[in-house]
Structure formats: C-alpha cells, structure tokens
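Q: any chance you can model this:
(chains A and B)
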There are 2 protein chains.
Amino acid sequence: MNHTEKIDILITGGTLLTLTDGMDVIDDAAIGISGGTIRFACPRAEAPESNPVETIDAAGCAVMPGLVNTHTHLPMTCFRGLADDLPLMEWLHDHMFPAEAKHVNREMVYKGALLGIAEMILSGTTTCCDSYFYESHVSQAAVDAGVRIVAGQGFIDFTPPDAAELGKKAAAAEKFISKWNPLHPMVTPSLFCHSPYTCAKETLQRVKRIAVEAGVPFMMHLSETKEEGEIIRSRFGLKPVRYLDAIGVLGGNTAMVHCNWLDEDEMDLLASSGTGVCHCPESSMKLAAGIARVPDLLKRGVAVGLGTDGCASNNDLDLLLELDTMAKLHKVSTMNPTAMDAETALRIATIGGARVLGLQDLIGTIEPGKRADLIVIDLRKPHLTPLYHPCSQIVYACRGSDVRDVIIDGKVVMRNRRLLTMDVQKAMDDVREIAERVKKD
Amino acid sequence: MNHTEKIDILITGGTLLTLTDGMDVIDDAAIGISGGTIRFACPRAEAPESNPVETIDAAGCAVMPGLVNTHTHLPMTCFRGLADDLPLMEWLHDHMFPAEAKHVNREMVYKGALLGIAEMILSGTTTCCDSYFYESHVSQAAVDAGVRIVAGQGFIDFTPPDAAELGKKAAAAEKFISKWNPLHPMVTPSLFCHSPYTCAKETLQRVKRIAVEAGVPFMMHLSETKEEGEIIRSRFGLKPVRYLDAIGVLGGNTAMVHCNWLDEDEMDLLASSGTGVCHCPESSMKLAAGIARVPDLLKRGVAVGLGTDGCASNNDLDLLLELDTMAKLHKVSTMNPTAMDAETALRIATIGGARVLGLQDLIGTIEPGKRADLIVIDLRKPHLTPLYHPCSQIVYACRGSDVRDVIIDGKVVMRNRRLLTMDVQKAMDDVREIAERVKKD
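A: The predicted model follows:
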C-alpha cells in the first residue's frame, strides 16, 4: 500500500490472538479498523502507515475476538438467584414459569435485557444469541447498547395447538422476522422453539419452515435432562434427534441447545445434518441436568458454541469463567486432561459460536475483512502474572472483570471498563425495581 | 453496656453473613472491632454506642468471614500456566519437578509467595495453608503482607531415607516449628508430607510424631489419582486410608488433601479418626485426577475445607470462583441439584476450612470473641443485580474482583481494592523476572 490508509481505530502494542485456524499469536501487534471492518491485523512493524482517528494502546494486554454467547435468556436477569439449588423441573414449573406468568411484559423484557447486556459487555461478550418472549424488545435493548445479537422469538405450546393457534404463531414469526431482517446490521432475527416436549410436531415443522424460507437460524433446547429423552421416546418411539430428523427440522441454519444426553448415533446425525450445538456447561451443572459430550461432538466436526444460559440458572453471564469451567469439566468427566485444551475452549467461545450462529464469515476471528468485534484484556494483574502462554492464561486465569476495552462493529462500547452506550446505574435501578415486585409474591 | 465502647474499626450498613451455625443474615448490621477481636456483630439499631477510630461504610455490600484456603503452594505462582492440559504425572515429573529443581531457592519462594498472597487478598482470602520448600520464607511473606497462614514445611523422599537422612528431616522439622511456634500470632507452623507414595513409612511416622509432640497440624496429599491408590495397595496390601491408619498417622490435628478416590470404608475411617479433608476441586478437574465425594464426607461429619492447590494447576487462587465450581461440580457429578447448596459451599470455604486447620475457635465465622478476619463484597454491580439471596449471590455470581475491603486480625489490609501492606507492582515485576529465567530453559 503506497498511500496512508484512513483508519478509525488503531490498536497497538498488545499480544494478538487471532483465533484463526493457525491460532496465530502475534506479539506487539497492530490492528487497524475502519468503517467497522478489520483492515489489517499483523505485527506492528509490518503494519501499513495510517493516520488513525483514535489509537488504543494495548501494551501489556491481550487482544482477541469478542466472545460469542450462543444461548441466553437476557430478560431472566430479573430473576437472577431467585430460586437456586433445586431440580430443573421444580425450578422451572414452581418458580420460573409462575414468575414469568406474572412479571414478564415488554418493559421487564427491555430492562432485564439491557442489564444483561451491560454484564455481557463488561465481561467481554460482543455477540449473543437470545431467546425469550417479546424478543423485539430484547433486540431493541441490544441495538441501544451496541451489542450484536441473534434474537430468537420463542415458541412454546402450553396446550396442543389447533390450526388457528398455529396460524397465529406463524404470523407472529413472520412479523418478527420482517421487522428486523434485513433492516439492521446488528440484529439477526431467528426462531426458537422451546423443546420437542413442549412444542407439538406441527409447531416445530411450521416454525422451522418459516425460518428456512426467511433464511434465519432455527433453534431449540434439546436433551437437557435424561427424563426429556424418555418423554420423547415414550411419545414418538424414537430417540430425540431421530425424532427431529424424522419430522424434518434438523440441518440448515439450525442449532440445538444443551444436548447433554446424546448417544453415538444421535451425534452422528447432528454431524451429518450439519446441525450445530450450543453448550451451556454451568447451567447444566447447576441444575444437575448432565454433561454434553463436547469432545465427541468436536471429533465429528459438529459446530459447537458456548452459552451461559439465562442467569437465573448460572447465575452470571461471564463467558471467561464459563470457558474455564468448560475445559476443566470435560477433562474430569472423561478422566482425560487432554480432552479439551485451552485453545479448543477459546475457539468454542469465539469462532465456534460464530459458526453455530451462521456468522462465521462476519465475526469470531481477527482477520482483515471481518467486522471489528474485539476485546482488550489487561494482563498486568497479580492473578495474571507471570505470563507464559497467553491462550492458557485467558482460559484458566482470566475473569470477566479483566476485560478493559470492548469494540463491537468498529465502535468502542467500553473503554477502561466504562460502558459508553448506556447508563449502567439506571439499568441496575430499573431491574431492582422489578425485583422488588417479584419479592412481594 | 453503659459506657461508650472503645472500638478501632466500625463496619456499618452492610448485609452481614455471620456463617455461624444458624447462618444468620443481618441487614443493616454493625460490626465493632478492637484489639483485633470482634466485639459485636448485630443489627445496627442494637449496636452499643462506640467511638470508632475508623468507620467503614458497607452500604450495598455483604460482610462475611474471610475465605480460608486450606491447600496451596504459593511459590508455584512463579509457574502459573507454565504447562497446562497435561496428565498429572507428566505435568509433575516432566515439568514441575524439573522447574522446581532448577529454580526453587529462598528468593523465588519469598517472591512467588508474596505475589500469591497479593492475589489471595485481592480475592478475599484471609487465611491460607501453604506447603512448600523453604516454608520459613513463605511465612515471612505472609507476615509482611499481613495474611494469616498455616505454613507447612514439606517432606518428600526422592530416595528411601536412611537413619541419618531421617534424623536430618526430624531436625529440620523441629527447627521450623520452634522458629514460628508460638512466637507469631499470624503463623501456625505445620508439617506436610508429600504423599504416602513419595514418603517412606518411617518418614511419615517420624514427621507425624514431631507434629503431635509440638501440637501442630500434620498434612498430606492423599488419593489424588486412582493410580496412587493402586500403588499403595500393591506396596502395602492396604487401601490408602487403611494403610495410614495402620501406621498410625491419622487423627489428631491432621488433614488429607484431595481424597478423590476414597471408598465408604475409608471415608468412615477418616470420620472416626477425626481426620479433616482439604478439597481442591478445580485442580483435580484440570488434571483429570478425580472428584472427591464431599457430600458423603460431610454426611459423616468429616471437616472439609476448600483449597485452590498451587496456581500452576488451577490457574488462580480465587476462592470465590472455586466455591461456585465446587457447588456445581457436586451437583452434576451426583446428578442431584441439592447435593451441595450455596450455604454449604460458603461454610466449607470459611468455618469448614477453619476446622480443618484447627483454627475454628479463632476464625471462620463473624461473632464476638473471634479474631477479626472479614471481607466486604461490593454487590452494587450489574452481574450482582438484582439481589434476592445474598448467600446464593456470593456463591453463584461473585468473583474475587468484587471484594472491596479486607480486614485480617483487625487490620485493614485492602481498602477499595488497594493493597495497603505491599507494593503490588514490585511483587509482579519480581515474579516476571523469575519467569524470564524459567522461560530460558
């Protein structure tokens, strides 16, 4: 390049973890961003001359792609820690569903989502995949806060749907998609069926068809508990993944959440159909739901992303902590310390998640041409000293509070741990007010 | 009381978690400290009038006993992240032992320990139990930094010891104990044998006898891996705990570290002999060593404390994160979400640890007469909002960086996250310098 490049943001001096296939780690790197796109990412000595509007000094820091949270229910931030240490079904039916029936409304959804987004940005997440009711209001919170979102309008059949009911569901799905697609670069609409045991076959097929026609992701909770598999088998005579395959809802831009109880055959079917998996280890540990066989899924080439699940069952949205727990959990559960190494864990939480969401060409690594979603982690702290291997340090020693700066779509949304896109104090006050009402129940 | 009490430090306005048997939670509490002792801990409205030298406003915060780390190797901070994702024996024999052989010296021990202590205080630990070589230098670092320590001089037989060798070990043990006992109120000397497979029977018995005679704790790694149990059985024809019982080293002020592979019979024997257990879940997950059956130990009345192990196998010393992982791990490994609730986890990390170390009359709860080891956790953060149950919030959502103030033995050692007893920058620089030498190997 023989002219001085116009660059909006130049990040210099940090250790760059590209998270590309070669897992390149570049000391004293330079990353140039303009128009929201990464223009170069290379050793500083090789960077083109540029005249940046803003320079971020990342000396002593790691620079890496923003984390991708493939599964959460952001408005449930309002119920964080409301009911803990309970079995999943009791937690869901005696606590969460009643609290939701009484307190979920557009205002609660927006305010809960906004606080959840604050927590996510503060801990280095730049893209999330959410599913809940009133998902347009979650999307609006994401747009206001500047986070990238795959927003899943949720579907559940509390009673078996008739044709009229199905027609209403289909209309709602189409309306939601057309509201956000392809209008907003930061919002990907998607459709989320609660599960094969709470959604009738007709609902699953109709919603899936709408997703396929609109070219948006389709998702579902699947095999979270062992009991769930037994329900499906007793109703349909098939293992859950076989059932979903038989009714034609696998493959395409589809991902299944949890997948704690798949056998070899079901994992093969996910792989051959190109269906992704959202892995939420902490939530499934806390609810004693099970442990997904992630190393076995990865061996088959299944795209696996990391998720926190709603923070009512976790109880936080900190993916840097989730990373660490994930790697350790798979080591001990397989009794093999090499079952998941730090690099694999970090890839699951970035490019793996991007693949699951169908965003792998846009985000998930740091390389020229991708959108500029990246985080700067300050490594100059006692618990991060000394530093032998940056990747290992990030997975096994970093926590969300070590993230210093966050850039999403080329915009600085957090600088020196200060959120620039929202009033965090107000976001906390708003949710506290909702919680006061919940406490009165 | 009809006179105004002389109080050094008054903490007001926080939510007090006493961690006493009744698990009292007191909103808007007042805690008075003088001469290093807790004088009162009660609702503010019921507090005696006092004229404090210093007042700490804990509004919006939780106040609880400082965390007790029952097992670590602080100088190994110098090797944090040096070798990850490896089997325990390869990690130990190909990486840790060689690095130790080359780099462990008095200076490394002091500097590594000091940085580890900085990390511990910053994450809310007020008492640790360490074991390593040159333990007097670890103790000195603890004294300088103002942290309470049970310091275990380490013993290991690389070759079978003869009488002269044993005599030298005994003399070293006695010298170490007499140096610190009962001279320093913050240091409890103790003796730590590496394990029953690396220490000869004669070494275990001799070191144990010296500990008993001096009235100091005796500790050992035990049944960390399954293979270890097989070694003991093949050498001595007994299961590990049976072997230790047969040679007379159980009971008294004794604790065993890890205990991942005990059967019913061995757990019974720990209970009946009054032997405690130091549980290090993250280290054993990361090394795929196993999962201690902590709920079963607790049912038998065994004293169980939490430990991080050395941060070369964890890779941090953050007990608030360890708490969370511990509770979730036991839920999923037993497939029972009630296997360990938040209160149990928090008690293991405080009063449980104090019991394991024989310090239960001194620390581990907040009540009048105990030494003032306590921490103030700032709950006014996005990831800690809203707040329904303080205990649950601390276990499932807090991380070390949420600890705002730390008081140990009545002295403020951290205020608003600033360490008052050491130069943290220098502590980091010193360890970085050591790491540069390690990297050259």
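Q: near chain B, which residues of the stretch 201-350 of chain A show up?
A: Selection of the stretch 201-350 of chain A residues close to chain B by Cβ under 8 Å from any Cβ of the partner chain yields A:282, A:284-291, A:311, A:314-318, A:321, A:324-325, A:327-329, A:331-332, A:334-339, A:341-342. Where C-beta positions appear, they are placed from N, C-alpha and C, glycine not excepted.
Q: now the buried members of the residues you listed.
A: Those of these that meet the buried threshold are A:282, A:284-291, A:311, A:314-318, A:321, A:324-325, A:327-329, A:331-332, A:334, A:337, A:339, A:341-342, by 16 or more other Cβ atoms under 10 Å in any protein chain shown.
Q: now, which of those lie within helices?
A: Using DSSP state H, the members of these that fall within helices are A:282, A:284-286, A:321, A:324-325, A:327-329, A:331-332, A:334, A:342.
Q: determine which two of those residues are furthest apart.
A: Greatest spatial distance in these: A:286 and A:342, 23.3 Å, computed using Cβ to Cβ.
Q: find the centremost residue of chain A, please.
A: Closest residue to the average C-alpha location of chain A: residue A:69 at 1.7 Å, with Cα atoms, centre = their mean.
Q: so that one makes contact with residue A:316?
A: No - counting by Cβ atoms under 8 Å, residue A:69 does not reach residue A:316; the two are 11.3 Å apart.
Q: low-confidence stretches in chain A?
A: Counting by pLDDT under 70, chain A shows low-confidence ranges at A:1-3.
Q: which helix or strand contains residue A:260?
A: Remark: residue A:260 resides in no helix or strand, with elements defined by DSSP states H and E.
Q: correct me if wrong: it contacts residue A:290.
A: Yes - assessed by Cβ under 8 Å, residue A:260 is found in contact with residue A:290 at 3.1 Å.
Q: please enumerate the shared neighbours of those two.
A: Both residue A:260 and residue A:290 are contacted by A:223, A:224, A:225, A:226, A:284, under the criterion Cβ atoms under 8 Å, 6 or more residues apart in numbering or on different chains.
Q: neighbours of the spatially closest residue to the first one that is not a sequence neighbour, how many?
A: It refers to residue A:223. Distance criterion Cβ to Cβ, 6 or more residues apart in numbering or on different chains; nearest residue to residue A:223, sequence neighbours excluded, is residue A:261 at 4.3 Å. Neighbour count of residue A:261, defined by other Cβ atoms under 10 Å in any protein chain shown: 22.
Q: same check, this time on the one 4 residues further on
A: Applying the criterion other Cβ under 10 Å, we find 10 residues in the vicinity of residue A:265.
Q: over to the one 5 residues further on?
A: The local packing of residue A:270 (other Cβ under 10 Å) involves 28 other residues.
Q: what about it, which helix or strand?
A: Applying DSSP H and E, one finds residue A:270 within helix A:264-273.
Q: gap between that helix and the chain center?
A: Relative to the mean C-alpha coordinate of its chain, helix A:264-273 is positioned 22 Å out (Cα atoms, centre = their mean, to the nearest Å).
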